[in-house]
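Student: Following is a predicted model, sequence given first.
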Amino acid sequence: MSESNQKRILIADDETAVRALVKRLLGSKYFILEAENGEEAVKVAVNQKPDLILMDILMPQMDGLTACYAIKRNQATKAIPVIMLTAVDYELNRKLSQDVMGAQGYITKPFDSQTLQSIIDKFLAPQK
């Protein structure tokens, strides 16, 4: 499948190992874009218009919650689904991510490939 036919997923995480893992798990099926912090994630979202964003919460320059909020408030990017992918499993963060910042999902680390793929399929699987 050529890049132009593949759905594009942006993984925003300051941990190189997490980005590499997601790329290894999803790279054969999706075109993976990467960002090391929230500020970079917002720029990539605006310039590249990915089909889905996986966003860590705790990142330098701009945290994932602030980046999610910025993406959801921008006319050009507000329709892009954002899934928070984080080690922080607090109910308050889950509610804040989804109810206030506009994220469509929340996955905690460590995660397994099935959980990751099932939430991605929810947003990117072809509609029947």
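Tutor: Sure thing, it's come through.
Student: What are the contacting residues of the one helix or strand residue 65 maps to?
Tutor: Using DSSP states H and E, residue 65 maps to helix 64-73. Identification of contacts with helix 64-73 by C-beta atoms under 8 Å, 6 or more residues apart in numbering yields 12, 38-39, 41-42, 45, 53, 55-59, 62, 77-78, 80, 82, 84, 86, 93, 96-97, 100-103. (C-beta placed from N, C-alpha, C; glycine too.)
Student: Apply 7 Å and report the result again.
Tutor: If you take C-beta atoms under 7 Å, 6 or more residues apart in numbering as the criterion, helix 64-73 is touched by 12, 38, 41-42, 45, 53, 55-57, 77-78, 80, 82, 84, 96-97, 101-103.
Student: Any of those buried? List them.
Tutor: 12, 38, 41-42, 45, 53, 55-57, 77, 80, 82, 84, 96-97, 101-103 (16 or more other C-beta atoms under 10 Å).
Student: among those residues, which are in strands?
Tutor: In strands, defined here by DSSP state E, the members of the buried ones among the contacts of helix 64-73 are 12, 53, 55, 82, 84.
Student: returning to what we had before: now do the helix holding residue 65, average pLDDT.
Tutor: When pLDDT is averaged over helix 64-73, the result is 95.
Student: May I see the buried residues of that helix?
Tutor: 64-72.
Student: cool, stretch 29-37 as well?
Tutor: 30-37.
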